[in-house]
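Q: pasting the structure only:
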């Protein structure tokens, strides 16, 4: 892989705007970050070229900021352009290509652009199979969404096969996902007698895909300690990020029982953030065992999970993950 230019070759103005945009995103101030990323994009195009991978990373960041705000029409052309640059620079199988393909497919689904969405959803399904194996629950989500697009496009045969595949995977899990099983069964039962019926999408539960080698590619170089790229996902526990805390107990045994109950009741909600766990916390008042999910780099993703749980009458709060 050809290394990108060193950080010192980058203008101070580009660095400043990129870092300011990243800081605002880290604080959850997406709208405020837009002019800084937009300025960084103009500067990157002038310094590195319109088709530079550095420019593509800023395009991706700006697209993600728009998508977080539900501005999918603004996000779409930015993702399309970034995807084209990344494919040319790194090839179709690179991790960052998989990630942008995933995010663009969600934008198309949200915009009901199923002709464009269907082939991308197929690529996402292939990526997930290679990454997690054919029987992973994330593969089932991708199969379901692919069926969702096929159903809208009138391909009942393809939709039926994909819904059936999603159903089989969900039924085979150690803890069966009753909510999604019912959803897939309903789609299969009604597919032939309710032509054109809209199906609820699970697109937002698709995980971000970023291979380890993608982490070595620099976007416009942030200073040491500045936030990571918007949407970046790394393996293992992160030193920083956000957690969704659901409860705290004096007894580890009690906490573990609560985790087991919540996993059985709401496994699909916790899968995108790595599931639930018990974390021991030694405080001045004594030792507590906290039940929580995460960490994730994006506060908005943590807040969305907490909102979903609150709708289900499950108390929760979003807290900052302290560096390890």
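A: That came through, no problem. Everything quoted here is computed from the prediction, not taken from an experiment.
Q: quickly note the distance from residue 287 to residue 321.
A: 19 Å (Cβ to Cβ, to the nearest Å). All C-beta atoms are positioned from the backbone trio N, CA, C, and that covers glycine.
Q: looking at the two, which one has more neighbours?
A: More neighbours surround residue 321 than the other of residue 287 and residue 321, with 19 against 11 (other Cβ atoms under 10 Å).
Q: residue 87 reaches residue 93, doesn't it?
A: No. Applying Cβ atoms under 8 Å, one finds residue 87 not in contact with residue 93, separated by 9.7 Å.
Q: and these two? which has more neighbours close in?
A: Neighbours were counted for residue 87 and for residue 93 using other Cβ under 10 Å; residue 87 has more, 17 against 12.
Q: can you confirm residue 282 is in a helix?
A: No. Using DSSP: H, G, I helix; E, B strand; the rest coil, the secondary structure at residue 282 is strand, not a helix.
Q: what's across from it in the sheet?
A: Note on residue 282: beta-bridge partners by DSSP bridges are residue 287.
Q: in contact with residue 286, which residues?
A: residue 250 (Cβ atoms under 8 Å, 6 or more residues apart in numbering).
Q: pLDDT at it, what is it?
A: The per-residue pLDDT reported for residue 286 equals 77.
Q: let the chain start at 59 from now.
A: Yep, numbering from 59; the last one is residue 344 now.
Q: what distance do you get for the residue nearest to residue 234 when sequence neighbours are not counted to residue 199?
A: Residue nearest to residue 234 in three dimensions, not counting chain neighbours: residue 228, with 6.5 Å by Cβ to Cβ, 6 or more residues apart in numbering. Taking Cβ to Cβ as the measure, residue 228 and residue 199 are separated by 9 Å.
Q: and residue 136, by the same measure?
A: 24 Å.
Q: between those two, which is the more surrounded one?
A: residue 199 (28 against 25).
Q: residue 309: how many residues sit nearby?
A: 11.
Q: contacting residues for it?
A: Per Cβ under 8 Å, 6+ apart, neighbours of residue 309: residue 347.
Q: now do 10 Å
A: 315, 345-347 (Cβ atoms under 10 Å, 6 or more residues apart in numbering).
Q: pLDDT value on it, please?
A: pLDDT, residue 309: 85.
Q: over to residue 120?
A: If you check residue 120, the pLDDT there is 93.
Q: do residue 147 as well
A: 87.
Q: and the strand or helix carrying it, what's buried?
A: Assigned by DSSP states H and E, residue 147 falls within helix 130-148. Within helix 130-148, the residues scored as buried using 16 or more other Cβ atoms under 10 Å are 130, 132-134, 136-141, 143-145, 147-148.
Q: which other helices and strands contact that helix?
A: Where contact means 3 or more Cβ pairs under 10 Å, 6 or more residues apart in numbering; DSSP states H and E, helix 130-148 is packed against helix 88-106, helix 111-126, helix 153-168, helix 172-190.
Q: output these as a markdown table; include the columns distance to residue 245.
A: Formatted as a markdown table, the helices and strands packed on helix 130-148 follow (distance: least, Cβ to Cβ, whole Å):
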| stretch | distance to residue 245 |
| --- | --- |
| helix 88-106 | 33 |
| helix 111-126 | 26 |
| helix 153-168 | 15 |
| helix 172-190 | 15 |
